[in-house]
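Q: I need the structure of the sequence given here:
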Amino acid sequence: MYGIKITEVRTVKIVVLKKSVVCLGMLALIYGLGFLNGRFLMPVSPVTGPAAKEMPIFYVQKKAQEVTLTFDISWGEQTLPKVLQILKEYQVPATFFLSGPWAVRHSEAVRMIYEQGHEIASHGDRHVNLSEYPKEAVRQNIAKAHQDLLSVVPRVAPFFRPPNGDYDDLVIDTARELGYETVIWAVDSLDWKNPGPDYMVERVLKKVFPGAVILCHASDSSKEIHLALPGIIKGLRAKGYKLVTLSQLMENGTPGRNDPR
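A: Residues are numbered from 1 along each chain as shown. Below is the predicted model:
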């Protein structure tokens, strides 16, 4: 579907000179913390399961000054209309990652998203950390959401964002077997924490870069995103960025699979 880059994993060999029991103890402590000479030996993200060799997409490598706004929805119905109104006012296409159960319960809202020119992608079925489940449960989660979304709209983009951004090799491989590329994000607006509109605007504009996938939410837990969106959109455009859907961002670009966060 898209060019796939497998992250190369290199083994780091550490030679330890047994000078004393104390030195060995200190080295064991340092290794246990996963830190040596200022570098983590095994980076661990709070939103991932076991370290993955098959990395998801975090951004798109491209020269064009393009970025995408993405919105996750798993519950609620109050925030979405406010978000859609702003996107319509500023003529911004976006990509919405929808959970299957929410889409079935709010089919009219889903059709409104689609008819306004936005892209529908998958946010899975049950909102659980999929890295904690066996392959068949992961497969059922993704497959059920796919069926639910297609029961509402005629097309679902081939992108899957796992609930909570939680993934491992099994999740990524299973999604790919079902026709989905796993997409996380490069820039988190932190709207789910409701830190204030000004904070969100400043954060996005500070961290954005060409090809960035920006995470927002249109669930009701995001109570301020509609207040921040105008500033985010105007600020991005002032920096020369064009806002596009994720599929449009992927055109003439290469998936960025190294986590920039």
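Q: I'd like the distance from stretch 250-261 to the chain centre, please.
A: With Cα atoms, centre = their mean, to the nearest Å as the basis, stretch 250-261 stands 12 Å off its chain's centre.
Q: Kindly check the end-to-end length of it for me.
A: Its first and final residues considered, stretch 250-261 spans 20 Å by Cα to Cα, to the nearest Å.
Q: Same question for stretch 158-170.
A: 18 Å.
Q: Could you pull out the buried residues of it?
A: Within stretch 158-170, the residues scored as buried using 16 or more other Cβ atoms under 10 Å are 158-168, 170. Backbone N, C-alpha and C define where each C-beta goes, glycine included.
Q: How about stretch 193-207?
A: Under 16+ other Cβ under 10 Å, the buried positions of stretch 193-207 are 197, 199-201, 203-205.
Q: could you give me the average pLDDT of that stretch?
A: Averaging pLDDT along stretch 193-207 yields 98.
Q: Residues in contact with that stretch: which ones?
A: In this structure, residues lying in contact with stretch 193-207 by Cβ atoms under 8 Å, 6 or more residues apart in numbering are 186-187, 189-191, 214, 222-225, 227-228, 231-232, 235-236, 239.
Q: Keep only those of those that are in strands.
A: Judged by DSSP state E, strands contain the following of the contacts of stretch 193-207: 187, 214.
Q: Buried subset of the contacts of stretch 193-207, written for PyMOL?
A: Restricted to buried positions by 16+ other Cβ under 10 Å, the PyMOL selection for the contacts of stretch 193-207 reads:
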select buried, resi 186+187+189+190+191+214+222+223+224+225+227+228+231+232+235+236
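Q: Next step: the contacts of stretch 193-207 restricted to helices.
A: Counting by DSSP state H, the contacts of stretch 193-207 place 225, 227-228, 231-232, 235-236 in helices.
Q: Report the two of the residues you listed separated the most.
A: Leu227 and Leu236 (16.2 Å; Cβ to Cβ).
Q: Which of the helices or strands spans the closest residue to Val104 other than its chain neighbours?
A: Nearest residue to Val104 in three dimensions, chain neighbours excluded: Asp148, at 5.1 Å (Cβ to Cβ, 6 or more residues apart in numbering). Applying DSSP states H and E as the criterion places Asp148 in helix 135-150.
Q: Return the residues in contact with the most centrally placed residue in the chain.
A: Centroid check for the chain by Cα atoms, centre = their mean gives Ile184 as the closest residue, at 2.3 Å. Contacts here follow Cβ under 8 Å, 6+ apart; on that basis Ile184 touches 47, 56-58, 161, 165, 167, 213, 259.
Q: how about the residues you listed in a markdown table, adding distance to Gln85?
A: Formatted as a markdown table, these follow (distance: Cβ to Cβ, whole Å):
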| residue | distance to Gln85 |
| --- | --- |
| Val47 | 30 |
| Pro56 | 31 |
| Ile57 | 29 |
| Phe58 | 29 |
| Arg161 | 23 |
| Gly165 | 27 |
| Tyr167 | 32 |
| Val213 | 23 |
| Asp259 | 33 |
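Q: Sitting in strands, which of those residues do you find?
A: Val213.
Q: quick one: the residue nearest to Pro93 when sequence neighbours are not counted and Phe159, what's the gap?
A: Nearest residue to Pro93 in three dimensions, chain neighbours excluded: Thr245, at 4.9 Å (Cβ to Cβ, 6+ apart). Counting by Cβ to Cβ, to the nearest Å, the gap from Thr245 to Phe159 is 10 Å.
Q: Now for those two: what residues contact both?
A: The contact sets of Thr245 and Phe159 overlap at Thr95 (Cβ under 8 Å, 6+ apart).
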